[in-house]
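>>> fold the following and give me the result.
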Amino acid sequence: MAPGPDATLQSQREIQREQDARDAAAPQGAGTADASEQAVQAGARPHPVQLPAQHLEKPGLEADLQLRPQFLAPDYRGSGKLEGFAALVTGADSGIGRAVAVLFAREGADVAVAFHSSVRDAEETRRCVEAEGRRCLLLQGDVKDRAWCDAAVAQTVAEFGRLDVLVNNAAFQEHAKDLADLDDRRIFETLDTNIGGYLRMARAALPHLKSGSSIINTGSVTGLQGSKHLIDYAATKGAIHALTKSLASNLIDRGIRVNAVAPGPVWTPLNPADKAADDVAKFGRDTDMKRVAQPEELSPAYVFLASPVCSGYITGIVLPITGSVGAI
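Okay, the predicted model is just below:
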């Protein structure tokens, strides 16, 4: 039987404390990246370049970030691309998941917001979804728990009468400088959350999906390029990319599309709840655009992949949004 949310959160915080102690004992590296190097602003509005040197306790509350992520996409105009749809988004209390939930609602979808433990953040996501004029259902639980995954889908269908889009987005991440630091508990937490959770949610959702429905998985640039300090996390993201292509092939005859988005560095609570404060301050500066992305720069891609009118002929792709040239 899978542990409940409280036990999972306690385990994740213990993993974080152990890594924080290793980091504190290690020699300190160079300072923050040169802020004088001009970052690229090519979107509808400017996005922050300077990030606070802030480290959060897991799971990391968006409400506690000194610099609030930009997720509302005020220049994005909805046009009914998901009118009448129902979507379930895991890890939607904050970060990319919250931004996706908001734009799905703006495009006409009711949204089930699945989250693990950040109740305050989840309530804010619900407020934002309802401000778009759509219904929102909060679902608290652990994607490592098969029974909860099944129940989350059942509650979504009971509330909205249908399920058209599943977004697998929930993730656990904790860096490590050496492979020896990855004990079995830590490996299990990462793999069973990041890839096991995706498989369980897809399995639960599948009986309710029909032709024109879709599954969208959140991968990562680390799954494309690897990461020397995120060995287990990068491995799960590579597995998610393979899962996306495999499930797309499996479901294509049923008219159900499966795609993935592979973000580069994005300003969400995930990284301040992992990296040391000094590393957070220079997060994203090594991209070609020399800055971190904001969640609202990712969410339109999920709308594109969810909408049959936009991507009805697209399945099995991994779409890199990395701020750099030559991501794949």
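
>>> distance of residue 135 relative to residue 92?
14 Å (Cβ to Cβ, to the nearest Å). Where C-beta positions appear, they are placed from N, C-alpha and C, glycine not excepted.

>>> the more surrounded of these two?
residue 92 (32 against 15; other Cβ atoms under 10 Å).

>>> now do the more buried one against residue 17, distance only.
27 Å.

>>> can you give me the helices in this protein?
Counting by DSSP state H, one finds helices in the chain at the ranges 5-25, 95-106, 119-131, 146-160, 184-191, 197-205, 221-225, 231-251, 277-281, 299-306, 308-311.

>>> burial measure for residue 137, as a count.
Residue 137 has 19 nearby residues by other Cβ under 10 Å.

>>> do residue 52 as well
13.

>>> before we move on, what about the one 10 residues further on?
Neighbour count for residue 62, taken as other Cβ under 10 Å: 24.

>>> ignoring the adjacent residues along the chain, who's closest to it?
Leaving aside its chain neighbours, residue 62 sits nearest to residue 94 (3.7 Å; criterion: Cβ to Cβ, 6 or more residues apart in numbering).

>>> next: residue 269.
Residue 269's closest residue in space is residue 60 (Cβ to Cβ, 6+ apart), at 3.2 Å.

>>> most neighbours per residue, which of the helices of the chain?
Each of the helices of the chain was scored by mean neighbour count; the highest is helix 95-106, a mean of 29, by mean count of other Cβ atoms under 10 Å.

>>> quick one: mean pLDDT for that helix?
The predicted model gives helix 95-106 an average pLDDT of 98.

>>> which elements pack onto that helix?
Under the contact criterion of 3 or more Cβ pairs under 8 Å, 6 or more residues apart in numbering; DSSP states H and E, helix 95-106 touches strand 86-90, strand 110-115, helix 119-131, strand 165-168, helix 299-306.

>>> what do residue 135 and residue 92 both touch?
Taking Cβ atoms under 8 Å, 6 or more residues apart in numbering as the contact rule, residue 135 and residue 92 both touch residue 111.

>>> return the residues in contact with the closest residue to residue 164 other than its chain neighbours.
Counting by Cβ to Cβ, 6+ apart, residue 164 lies nearest to residue 85, which is 4.2 Å off, once chain neighbours are set aside. Counting by Cβ under 8 Å, 6+ apart, residue 85 touches 104, 108, 109, 110, 162, 164, 165, 306.

>>> distance of the closest residue to residue 212 other than its chain neighbours relative to residue 204?
Leaving aside its sequence neighbours, residue 212 sits nearest to residue 308 (Cβ to Cβ, 6+ apart; 4.8 Å). Separation of residue 308 from residue 204 (Cβ to Cβ): 22 Å.

>>> and for residue 80?
Distance from residue 80 to residue 204, by Cβ to Cβ: 28 Å.

>>> check residue 259 too.
Going from residue 259 to residue 204 by Cβ to Cβ gives 19 Å.

>>> for the residue nearest to residue 62, give me its contacts.
60, 61, 62, 69, 118, 121, 125, 268, 269.

>>> that older thread, mind putting the helices of the chain in TSV, distance to residue 54 included?
Converted to TSV, the helices of the chain look like this (distance: least, Cβ to Cβ, whole Å):
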stretch	distance to residue 54
helix 5-25	14
helix 95-106	15
helix 119-131	16
helix 146-160	31
helix 184-191	23
helix 197-205	27
helix 221-225	22
helix 231-251	20
helix 277-281	6
helix 299-306	23
helix 308-311	36
